[in-house]
Structure formats: C-alpha cells, structure tokens
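Visitor: take this sequence and fold it.
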Amino acid sequence: MLSNKHIVIFGGDGVIGRGLTQAALQNGAEVTVASRSVGEEIENTFGSEYTAKVLASVVDVADPNSLMGFFANYEQSGTTIDVVVNCTFPRTERYGVPFEDVEYEAFCENVNLHLGSA
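Guide: Numbers count the residues shown, from 1 in each chain. The predicted structure is shown next:
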C-alpha cells in the first residue's frame, strides 16, 4: 500500500511515533524518523528486514533553523517526501506540572508549540 513512498515522522522515536513507523514499514514505506534525540540505533529497532528502509535524522521542530535545515537537506538530496506526520511533544519549562496546576498561559504555550511545529 505504501510502496515507493517516503514518510517523515517527526517524533518517530516516541511511543506513538514508533507505532506509526512500524505500521508504515510493514506497509512498504521508507521512513525517516526525525527527533531531537534520535540516534542511529533507531535504524535497527524495527528488525533487520527494515534496516535499509529506516533513516534517523536529528531535528528540533521547535527551532525554525533546525526544521528549515532538515527540509533543505531533503531538497538538496532530491529525495521526495510523500507524507509528513507530526508526533512530537515539545516541552516547555513547565513540563511535568500536574494538569490541575497548569496555568492558561502555559497551556497556550504548549498548544502553540505543538501545533506550530513541523
């Protein structure tokens, strides 16, 4: 179903992102797992049959320069991106505060970072 498709999954090394990456690979896609902390070991996470179809790329979606550099590298490489998925969870200074203690401004900052990323 996804043969010859290249999918970029921002946050692809998180819980949801890994599930999407696995599903995309099982359906024939090539996947770039893009994250602030992804390492090359991600390429071996999904089994040897997928090693050639998984790429790791370090990028911070909350940093415009990092994000623009990521896409510029793709443009220069000539690789076509068919699908982009955002599974990131940008964290602010107030990350980890119990939900009932989250102030409106902090809530808005998190939502803006998440929806404005990728």
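
Visitor: from now on I want contacts and neighbour counts done on CA atoms only, so please keep to that.
Guide: OK.

Visitor: who touches stretch 96-108?
Guide: Contacts to stretch 96-108, defined as C-alpha atoms under 8 Å, 6 or more residues apart in numbering, come from residues residue 94.

Visitor: one more time with 10 Å
Guide: The contact list for stretch 96-108 (C-alpha atoms under 10 Å, 6 or more residues apart in numbering) reads 92-95, 111-112, 114.

Visitor: please identify the buried residues of that stretch?
Guide: Going by neighbour count (16 or more other C-alpha atoms under 10 Å), the buried part of stretch 96-108 is residue 106.

Visitor: again, but for stretch 26-41
Guide: Buried residues in stretch 26-41 (16+ other C-alpha under 10 Å): 26, 28-36, 38.

Visitor: could you work out the end-to-end span of that stretch for me?
Guide: 19 Å (C-alpha to C-alpha, to the nearest Å).

Visitor: ok now that stretch, how far from the chain's centre?
Guide: How far stretch 26-41 lies from its chain's middle: 8 Å, per C-alpha atoms, centre = their mean, to the nearest Å.

Visitor: for stretch 41-56, same thing?
Guide: Distance of stretch 41-56 from the chain centroid (C-alpha atoms, centre = their mean) equals 15 Å.

Visitor: could you give the mean pLDDT of that stretch?
Guide: Across stretch 41-56, pLDDT averages out at 77.

Visitor: try stretch 82-96
Guide: Average pLDDT, stretch 82-96: 83.

Visitor: buried stuff in that stretch?
Guide: In stretch 82-96, counting by 16+ other C-alpha under 10 Å, buried: 86-90.

Visitor: next: stretch 2-18.
Guide: Neighbour-count burial for stretch 2-18 flags 5-14, 17-18 (criterion: 16+ other C-alpha under 10 Å).

Visitor: including secondary structure and distance to residue 52, could the buried residues of stretch 26-41 go into TSV?
Guide: Listed next are the buried residues of stretch 26-41 as TSV, based on DSSP: H, G, I helix; E, B strand; the rest coil; distance: C-alpha to C-alpha, whole Å:
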residue	secondary structure	distance to residue 52
26	helix	13
28	coil	12
29	coil	11
30	strand	8
31	strand	10
32	strand	11
33	strand	13
34	strand	16
35	strand	19
36	coil	21
38	coil	17
